[in-house]
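**Q** predicted structure and sequence below. I'll ask about it afterward.
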Amino acid sequence: MAKEITTRETDYAKWYNDLVLKSELADYSAVRGCMVIKPYGFALWENMRDALDKMFKDTGHVNAYFPLFVPKSLFEAEEKNAEGFAKECAIVTHYRLKSDPDKPGKLMVDPDAKLEEELIVRPTSEAIIWNTYKSWIQSYRDLPILINQWANVVRWEMRTRLFLRTAEFLWQEGHTAHATEQEAIEETVKMMNVYADFVENWMALPVLKGVKSENERFAGAVETYCIEALMQDGKALQAGTSHFLGQNFAKAFDVTFTDRDNKLDHVWATSWGVSTRLIGALVMAHGDDDGLILPPKIAPIQVVIVPIYKNDEQKSVIHSKVQPLLVGLKNAGIRYKYDDSDNARPGWKFAEYEMKGVPVRITIGARDVENNSVEVARRDLKQKTVMSMDGLIPNISALLDEIQKSIFNKALEFRKAMTTNVETFDEFKTVLQEKGGFISAHWDGFSGTEEKIKELTKATIRLIPLEDDGESGKCILTGKPSKRRVIFAVAY
RNA sequence: CGGGGCGUAGCGUAGCCCGGUUAGCGCGCCAGAUUUGGGAUCUGGAGGUCGCAGGUUCGAAUCCUGCCGCCCCGACCA
């Protein structure tokens, strides 16, 4: 009873908060809008980060690190981008504190330590990076530059939510420079596909791929590619973005190169990122009223072993029986935890690891020792089966694979059931209100129309699908001709 | 930036309107015993600057003033 959480039906937002806190992914902090990522949550992030990092390296990227602070003059160089972020920037104005003469033991900002130029705490790093690239690039021989950085960024949000929107968050941002437009576009699409691959195959979360409408596009980008996932409450969540920046930043920062024909041109750019927000997506897409459900491929603990014993003698018998099993799990590369602590009784442990979303639990007691068996419980379906100790490891490996697929398929089925084609605005409003989810509808292509729809329904265009369905029709709002359907949803 | 809520032991809370024993309860914690296949039970014990600072009063968790902090809802945003 100590760790019960609000059910999804009662209050989805509260369920989410309870779950994040009680599964020990994160905690609130003394800093407004900033959270502490707890060890369990960070272990999850590390697994995600490591998988992504490998994918980046496998596609030819290298890591580097750029400064947290961006001088204001650099920040504002690319005007659209600067304007887009202006309202949510933290600014450093001073560099020193001093003792407050009026309040003993207290400190005050030293007015004599005002910076000549304010420093912006990066909300994203294009400015400082393009300022740097300028000095790295002279010739086409210097291109492409394929750099990624793992970093924290700060966006001063009015309203925050654990993982989904916090003032400071962790992410990776790729920043690439290319000699040709085509190569940059290819890079942009490639990275969107890397993201989709990661989110679908590691996080077991199906995504839609597409491009953003002008309203939703990254400030400073020519085109924003994105992946969108659907949460259990029928709201969409942007899971990753990849931007084709054209020559906007190269022009703003005067980054030119000499091409093969000895002609001077501005370089072509991309940037792409995913953040700890993905953890929020994971929680909301898969979790249930008993806690998290983590996909095995990124779960910090894939298998937990809980011994059940009535006395020390039984405990030591189980212990000796478990040892070869642990060796087997380790050799099979399975992340496991053998919880033989006496602090909690088995029932408590069961609930605790379910809260934390551990995919598989192995229970072993006197009965099992006698039968040379174990009880295996899978978290996603809450099913228990008895398995023989003989050949257990391959069976557990297979089960983990099966769970990975099963979680994905469940989410995919949900998304299919929650994707609706509509023809009229009335239908659109009804579906939105009564069902939610992705709504595929015709749109006339005008920003004003999208804004109007948002004003009336809170739904926005999540993406314009990459594959053209070739189906023409009439805009649900204006009745003007539309060449294709786009995907609407209420978004996080 | 508007609206609301909260701040009392590690966590969750009662008490506050209507000032007056030693600030109560549940969980957790510590010791011991019995237990252990779905969140154990009993016995004993420890743990509190009632967010901070002023003020009113014989007396303040409670009333007044100011401040600080966090959370939730909205607008804005990934």
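**A** Looks like it arrived, so ask away. As the structure is a computational prediction, the values presented were derived from the model and not from experiment.
**Q** do you know how far the nearest residue to A:Phe163 once chain neighbours are set aside is from RNA strand B?
**A** Sequence neighbours aside, A:Gly280 is the residue nearest to A:Phe163 in space, at 3.6 Å (criterion: CB to CB, 6 or more residues apart in numbering). Quick note: C-beta positions are derived from backbone N, CA and C, even for glycine. To RNA strand B, A:Gly280 is 8 Å away according to CB to the nearest atom of the strand, to the nearest Å.
**Q** now the helix or strand harbouring A:Gly280: average pLDDT?
**A** Counting by DSSP states H and E, the element that carries A:Gly280 is helix A:277-286. Mean pLDDT, helix A:277-286: 96.
**Q** which SS class is the residue nearest to A:Val62 when sequence neighbours are not counted?
**A** Counting by CB to CB, 6+ apart, A:Ile147 is the residue found nearest to A:Val62 once chain neighbours are left out, at 6.1 Å. Put simply, A:Ile147 is strand when judged by DSSP: H, G, I helix; E, B strand; the rest coil.
**Q** within its sheet, name the partner strands of the helix or strand bottoming out on mean pLDDT in chain A and how each one runs.
**A** The helix or strand of chain A with the poorest confidence is strand A:107-109; it has a mean of 82 (mean pLDDT, DSSP states H and E). Next to strand A:107-109 in the sheet, as set by DSSP bridges, lie strand A:97-99 (antiparallel).
**Q** mind listing residues that contact the partner strand?
**A** Strand A:97-99 is contacted by residues A:106-110, A:113 when judged by CB atoms under 8 Å, 6 or more residues apart in numbering.
**Q** so how far is it off the chain centroid?
**A** Relative to the centre of its chain, strand A:97-99 is centred 40 Å away, using CA atoms, centre = their mean, to the nearest Å.
**Q** same question for stretch A:57-64.
**A** Offset of stretch A:57-64 from its chain centre (CA atoms, centre = their mean): 19 Å.
**Q** which parts of that stretch are buried?
**A** A:His61 (16 or more other CB atoms under 10 Å).
**Q** now do A:Val31, the pLDDT please.
**A** Reading off the confidence values, A:Val31 has pLDDT 81.
**Q** mind listing what the nearest residue to it once chain neighbours are set aside touches?
**A** Leaving aside its sequence neighbours, A:Val31 sits nearest to A:Ala167 (CB to CB, 6+ apart; 7.7 Å). Counting by CB under 8 Å, 6+ apart, A:Ala167 touches A:31-34, A:90, A:154-157, A:160.
**Q** A:Pro206 too?
**A** So A:Pro206 contacts A:200, A:229-230, A:408, A:411-412, A:415 (CB under 8 Å, 6+ apart).
**Q** of those, keep whichever come out buried.
**A** For these, buried by 16+ other CB under 10 Å: A:200, A:229-230, A:408, A:411, A:415.
**Q** strands - which of those land there?
**A** Judged by DSSP state E, the subset of the buried ones among the contacts of A:Pro206 located in strands is A:229-230.
**Q** just the buried ones among the contacts of A:Pro206 now: which is nearest RNA strand B?
**A** A:Ala229 (11.7 Å; CB to the nearest atom of the strand).
**Q** partners of that closest one in the sheet?
**A** Note on A:Ala229: beta-bridge partners by DSSP bridges are A:Leu237.
**Q** is it in contact with A:Lys235, as I believe?
**A** No: at 10.0 Å, A:Ala229 does not count as touching A:Lys235 under the criterion of CB atoms under 8 Å.
**Q** ends of stretch A:351-361, what's the gap?
**A** In stretch A:351-361, first residue to last residue: 11 Å (CA to CA, to the nearest Å).
**Q** what's the distance between A:Asp265 and RNA strand B?
**A** 29 Å.
**Q** same thing with A:Glu157?
**A** Separation of A:Glu157 from RNA strand B (CB to the nearest atom of the strand): 6 Å.
**Q** now that residue: phi and psi?
**A** Phi and psi for A:Glu157, reported as degrees, to the nearest 10, are phi -80, psi 140.
**Q** so which residues of chain A form helices?
**A** Taking DSSP state H as the criterion, chain A contains helices spanning A:12-22, A:39-58, A:72-75, A:79-86, A:126-136, A:181-201, A:248-252, A:277-286, A:312-331, A:346-355, A:366-371, A:392-417, A:425-434, A:447-457.
**Q** touching stretch A:317-328 from outside, list them.
**A** Stretch A:317-328 has contacts (CB under 8 Å, 6+ apart) with A:305, A:307-309, A:336, A:338, A:340, A:362, A:364-366, A:369, A:374, A:389, A:392-393.
**Q** pull the distance from stretch A:485-492 to the chain's centre.
**A** Centre-to-centre, stretch A:485-492 and its host chain are 18 Å apart (CA atoms, centre = their mean).
**Q** ok, now stretch A:436-453?
**A** Chain-centre distance of stretch A:436-453: 25 Å, with CA atoms, centre = their mean.
**Q** what mean pLDDT does it get?
**A** Per-region confidence: stretch A:436-453 scores 94 on mean pLDDT.
**Q** flag every buried residue along it.
**A** A:436-445, A:449-450, A:453.
**Q** sorry, back to before: closest to A:Thr10 among the contacts of A:Pro206?
**A** Closest approach to A:Thr10 among the contacts of A:Pro206 (CB to CB): A:Leu230, at 20.9 Å.
**Q** quick one: contacts for that closest one?
**A** A:206, A:236-237, A:285, A:411, A:414-415, A:418-419, A:437-438, A:489.
**Q** do you know how far it is from A:Gly41?
**A** As judged by CB to CB, to the nearest Å, A:Leu230 and A:Gly41 stand 23 Å apart.
**Q** picking that back up, next one: the least confident helix or strand of chain A to chain centre, how far?
**A** 38 Å.
**Q** can you check stretch A:306-313 too?
**A** When distances are taken as CA atoms, centre = their mean, stretch A:306-313 is centred 41 Å away from the chain's centroid.
**Q** okay, it in PDB with CA atoms only?
**A** Extracted in PDB, the C-alpha atoms of stretch A:306-313 (Å, rounded to 0.1, in the frame of the first residue of the first chain):
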ATOM      1  CA  VAL A 306      13.700 -13.000  -5.800                       C
ATOM      2  CA  PRO A 307      14.500 -15.800  -3.500                       C
ATOM      3  CA  ILE A 308      11.800 -17.100  -1.100                       C
ATOM      4  CA  TYR A 309      12.900 -18.900   2.100                       C
ATOM      5  CA  LYS A 310      11.600 -19.600   5.500                       C
ATOM      6  CA  ASN A 311      14.900 -19.800   7.300                       C
ATOM      7  CA  ASP A 312      18.700 -19.500   6.800                       C
ATOM      8  CA  GLU A 313      19.100 -23.100   5.800                       C
END
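**Q** sorry, back to before: let me have the contacts of A:Leu230 in a markdown table, extended by distance to RNA strand B.
**A** Shown next, in a markdown table, are the contacts of A:Leu230 (distance: CB to the nearest atom of the strand, whole Å):
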| residue | distance to RNA strand B |
| --- | --- |
| A:Pro206 | 18 |
| A:Ala236 | 10 |
| A:Leu237 | 8 |
| A:Ala285 | 15 |
| A:Ala411 | 20 |
| A:Phe414 | 21 |
| A:Arg415 | 19 |
| A:Met418 | 20 |
| A:Thr419 | 20 |
| A:Gly437 | 18 |
| A:Phe438 | 16 |
| A:Ala489 | 12 |
